[in-house]
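Got a sequence here, can you model it:
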Amino acid sequence: MTTTADVLPALKAKVRRTAHPESTPCAHPDTVLAERADGTVVRHAGTVAKAHAPDTNPTDLALRLTAAAANPDILLGPLHPAPTSLHGRLVTFWPYGTPVDPETPEKAPWEAAATLLAHLHQRHPPPGSPPMRGPAKAARAIARLKAAAPDHPSTAPVLHAWHSLPAWARAEASMPDTTTLCHGDLHLGQLVRHPTTGPWRLIDVDDLGVGVPAWDLARPAAWYACGLLLSDEWTRFLTAYQRAGGPAVPAQGDPWPVLDVPARALTVQTAALAIAKSTAADRPLDEVQQSVVDACDRMGGIPPESADAFPT
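This is a model prediction of the structure:
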């Protein structure tokens with residue numbers, strides 16, 4: 001089996017050839033932006049190459065690239081319309097965009113993220129678009145937890161919260177919405193400033209597809225519910241989404257009956273990964289991770305679709 005270490009040198013060479021004609025002298029360094037089993041990303045000058053996960057479906061990825069290319073005002077468009085192959089991995093090429101600065105959280109573009117999502121949710125997906133992969137990622141996090149930390153004291157409440165969710169949120173049944181185009185993995189790391197025009201754009205199409213649009217609001221909703229996102233920031237995000245006509249939540253009134261199940265799922269996913277990673281590193285959960293685990297413990301005693309699961 002080809003490993004990430006095998007792919008990385010070839011990916012660097014490929015992104016250099018894509019960024020510059022072979023005859024052009026170049027002093028730009030290769031910068032590894034991500035090196036994981038599910039995705040290796042390398043930047044050279046203004047070009048980014050991504051080697052996708054080994055099990056990536058080529059038809060689904062092609063449809064996701066089509067959706068990105070068709071919505072350049074929302075999603076950063078690919079440099080090439082179809083993926084190439086490298087050591088058995090599908091590779092795509094993108095322009096480099098400036099990411100959100102993690103050192104200045106007070107400048108986080110919550111309004112831009114919400115507006116982009118609202119617009120995305122109103123666009124027509126390409127015919128035959130695959131399901132949005134959010135629930136599948138949550139299910140993988142649970143599988144990782146069971147393998148890495150079956151006896152951890154926090155594993156049981158996390159699994160209890162997981163099994164209280166409806167089947168669609170656990171990727172065990174079809175989602176109730178199969179027509180809305182969703183990002184599938186929204187967080188601030190998925191926004192960059194477009195290198196030419198300057199506005200914020202969404203990146204990372206690996207989880208893009210049709211599904212329940214509330215899932216795209218679920219991570220900030222879960223952070224807010226767990227006390228990890230300030231009320232002002234959550235209000236800015238939610239209000240901007242509503243003002244832009246986003247269909248995931250009502251334009252007025254309580255959004256939590258819609259957001260509750262996806263927010264629970266993202267909370268469980270975050271807790272599962274936190275426990276698995278802390279166990280692998282042989283260290284205790286930190287304060288933030290423990291707050292997410294505690295939220296799972298609270299959820300276990302309250303049926304889904306109740307705002308009382310996350311007292312604030």
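
Need phi/psi at Cys296.
Here is the backbone geometry of Cys296 (degrees, to the nearest 10): phi -60, psi -40.

State the distance from it to Arg123.
Relative to Arg123, Cys296 is positioned 34 Å away (CB to CB, to the nearest Å). For the C-beta atoms, the positions are set from N, CA and C on the backbone; glycine is no exception.

before we move on, what about Pro166?
26 Å.

which one is Ala148 nearest to, not counting chain neighbours?
Ala276 (4.1 Å; CB to CB, 6 or more residues apart in numbering).

That neighbour belongs to a helix, doesn't it?
Yes: when DSSP: H, G, I helix; E, B strand; the rest coil is applied, Ala276 is found to be in a helix.

Pull the number of nearby residues for it.
By other CB atoms under 10 Å, 21 other residues sit near Ala276.

just the one 4 residues further on next, same as before
Using other CB under 10 Å, Ala280 has 11 other residues around it.

For Lys107, which residues are in contact?
Listed by CB atoms under 8 Å, 6 or more residues apart in numbering, the contact set of Lys107 reads Asp101.

That one and Trp200, how far apart?
Between Lys107 and Trp200 the distance is 12 Å, computed by CB to CB.

returning to what we had before: which one of Cys296 and Arg123 is surrounded by more residues?
With neighbours defined as other CB under 10 Å, Cys296 and Arg123 compare such that Cys296 has more, 26 against 15.

And the pLDDT at the residue positioned nearest the centre of the chain?
Compute the mean C-alpha point of the chain, and by CA atoms, centre = their mean the closest residue is Asp185, 2.0 Å away. Looking at Asp185, its pLDDT is 97.

Also Glu106?
Reading off the confidence values, Glu106 has pLDDT 85.

Wait, a helix at it?
Yes: inclusion of Glu106 in a helix is indicated when three-state DSSP is applied.

returning to what we had before: ok, and the closest non-adjacent residue to the residue nearest to the centre of the chain?
Using CB to CB, 6+ apart and skipping residues adjacent in sequence, the residue nearest Asp185 is Asp207, 4.4 Å away.
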